[in-house]
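# sequence plus predicted model, see below.
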Amino acid sequence: MFKLLLLLIIGCFLPMQLWALDLSQALAKSMQHNPKLLAFPYHQQILAGRKTQAALSPNPEFELSLENAFGTGSYQTLEETETSLVLSQVIELGDKRNQRLAVADVALARQQVRYSIARLDVLAETARRYYQALYQQLLTDWISQRIAKEQEALVIIRQRAKSGGVLQADVSNMSLRLAQSQLWQTQIASAQQIANKHLAAIWLAEPKFKHLAGDFSQLPKLPEVNQLTALIATSPRLQAEDLATQLADAEWQLAKANGRGDLTVGAGVRHLSGSDDYALLFELSMPLARQNPKVGDIQAALANYQLSNQQRQWVQQQLVQQAELLLLKTQAFKTEVRQLQQVLLPAARQYLQDARTGYQRGRLSVTQWVDAQTSYFQLQHRLLDASRAFFEQVLALESLTGQSLANSNHLMREPKP
């Protein structure tokens, strides 16, 4: 009993970090438990089965025939029958088997790249939800600080009101502001709970964490446009387009191979019941190439290959344009964050200190002090909004290029389980 009590007491003083979840852990959980990713091994098995099927050659055929039996006259019985036993084999021409295997191999490689893209999408969505939950957590800290300052201001204003230094309306105004902030705190707490649940849902779990590790204060260096273009050239999304073109080419080659007729050869023995003699039997058959039976399939496959080749160029241009646009937006948010951090917030903090001192000395009105306080907290809120938007834009760039652009962000690296 004493040991249990001691453990409970120690547990009460354990640091919050034991219940904390960082981004790397969140990404690892999604990698392990997200159903979209868990389904991919089955897709691979499906394509592996199709490759196995593509590697099969036609089986030999066994044929038994009975002729000149159950007719009329001397053919009423089996005395004049001719019995043939033939073993035949279809020989595929046009390198069909290798062409089928080529299609299967490209399909498997394409599926692997699709997994990489799906992985990027899942990790990006995880990080986006993580940022949203972290934002609500930082808002919780922000509103708590605001409420503490407003409560402190309300005490001072009430003291001044008792001495007749301010009007009762000033007390009511401050009380109203405080009540509004407390309502906001309740809304933020609900949003925090929802964001945490939304985050844990991506790995099919309930939020067991109590705290999210991290902040938005450290902004990573952004790449140049030419660096982005080089990253896109090797990105999984463009690799998928390359493999789509390769697959269309392989299907075109297979369609041409299927247009060539196969050769069937056979050999057997024939028994002539009338003379009780035996004779060897040989067969050779091949369809007449009056016209290509796959001409329509060949035309369609060629058009599909040409379209895939063109789409690859279009996709690359679109990805580059998207990356350039995202980079401009990210740079704009970074500029806003820097301005808030280095210029606006220091000025607002100084203004708040001066306004409080001036109010306490009777040189400024309570309205001026409260306005200074409101301006300071509004700028803090704006900084949180701009910082979250900046990291979400970085996240979009990482998802587009498939590369991590921030030293502190492990989104595109393989997370540790």
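Good, I have the coordinates.
# helix, strand or coil: sort out the closest residue to Arg97 other than its chain neighbours for me.
In space, and not counting its chain neighbours, Arg97 is closest to Ser57: 6.2 Å by CB to CB, 6 or more residues apart in numbering. Any C-beta I mention is one placed from the backbone N, CA and C, and that applies to glycine too. Using DSSP: H, G, I helix; E, B strand; the rest coil, the structure places Ser57 in coil.
# can you check the pLDDT for Ser57?
Note on Ser57: pLDDT of 90.
# cool, and Asn409?
Asn409 is given a pLDDT of 44.
# begin at 61, not 1, for the rest of this chat.
Let's use 61 as the start, then, which means that last one is Asn469.
# tell me which residue of the chain is furthest from the middle?
Gly133 (79.6 Å; CA atoms, centre = their mean).
# find the nearest non-adjacent residue to Leu404, please.
Leu439 (5.4 Å).
# which helix or strand contains the one you found?
helix 426-461 (DSSP states H and E).
# burial count for Lys434?
To be clear, residue 434 is Thr; Lys isn't right here. By other CB atoms under 10 Å, the residues close to Thr434 number 15.
# state the pLDDT value of it.
Reported pLDDT for Thr434: 92.
# do you know how far the residue nearest to it when sequence neighbours are not counted is from Asp431?
Nearest residue to Thr434, sequence neighbours excluded (CB to CB, 6+ apart): Arg237, at 7.7 Å. Applying CB to CB, to the nearest Å, the value for Arg237 to Asp431 is 11 Å.
# for the protein, which helix or strand comes out least confident on mean pLDDT?
helix 62-72 (a mean of 38; mean pLDDT, DSSP states H and E).
# residue ranges of the strands in the stretch 311-460 of the chain, please?
Secondary structure of the stretch 311-460 of the chain (DSSP state E, counting those that start in this stretch): strands at 323-332, 337-345.
# one more: the stretch 61-210 of the chain?
80-81, 121-127, 142-151.
# turn those strands into CSV, including mean neighbour count, mean pLDDT and distance to Ala304.
Formatted as CSV, these follow (neighbours: other CB atoms under 10 Å; pLDDT from 0 to 100; distance: least, CB to CB, whole Å):
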stretch, mean neighbour count, mean pLDDT, distance to Ala304
strand 80-81, 18, 90, 38
strand 121-127, 12, 89, 38
strand 142-151, 15, 90, 32
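# so which of those comes closest to Leu194?
strand 80-81 (9.8 Å; CB to CB).
# distance from the chain centre to stretch 271-284, please.
21 Å (CA atoms, centre = their mean, to the nearest Å).
# over to stretch 130-142?
Computed by CA atoms, centre = their mean, the chain-centroid distance of stretch 130-142 equals 74 Å.
# start to end distance for that stretch?
12 Å (CA to CA, to the nearest Å).
# could you list the buried residues of it?
For stretch 130-142, the neighbour count (16 or more other CB atoms under 10 Å) marks 140-141 as buried.
# so who does the closest residue to Gly274 other than its chain neighbours touch?
Nearest non-adjacent residue to Gly274, counting by CB to CB, 6+ apart: Leu194, 5.8 Å away. For Leu194, the contact set (CB atoms under 8 Å, 6 or more residues apart in numbering) comprises 272, 274-276, 448.
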